[in-house]
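S.K.: From the sequence below, what's the structure:
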Amino acid sequence: MTEKKKPVVACPQCSKDVVWGDESPYRPFCSERCKLIDLGQWANEDYRIPLAEEQEDFELPGPGLPQ
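M.R.: Down below sits the predicted model:
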């Protein structure tokens, strides 16, 4: 029986190689430290999803304004 090679990913925090399997409980992070650093960055709002470009506000014609 041949053993399947488990995928290896880079830790998003420090770029260290991490085997994607049961032996890596903090995957995709290499350690609890990197996981907590990442969590802290989210809590500090260091990561942000950009807003879509704001649409220009427009005014509806009111009473007495030309239409």
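
S.K.: need the contact list for the spatially most central residue of the chain.
M.R.: Nearest to the geometric centre of the chain sits Tyr47, at 6.9 Å (Cα atoms, centre = their mean). Residues counted as contacts of Tyr47 (Cβ atoms under 8 Å, 6 or more residues apart in numbering) are Gln41. In short, each C-beta sits where N, CA and C put it, glycine included.

S.K.: how much space is there between it and Glu32?
M.R.: As judged by Cβ to Cβ, to the nearest Å, Tyr47 and Glu32 stand 19 Å apart.

S.K.: again, but for Pro25
M.R.: Where Glu32 is concerned, Pro25 sits at a distance of 8 Å (Cβ to Cβ).

S.K.: Check Pro12 too.
M.R.: 14 Å.

S.K.: Neighbour count for the two, which is higher?
M.R.: Per other Cβ atoms under 10 Å, whichever of Pro12 and Glu32 has more neighbours is Pro12, with 14 against 10.
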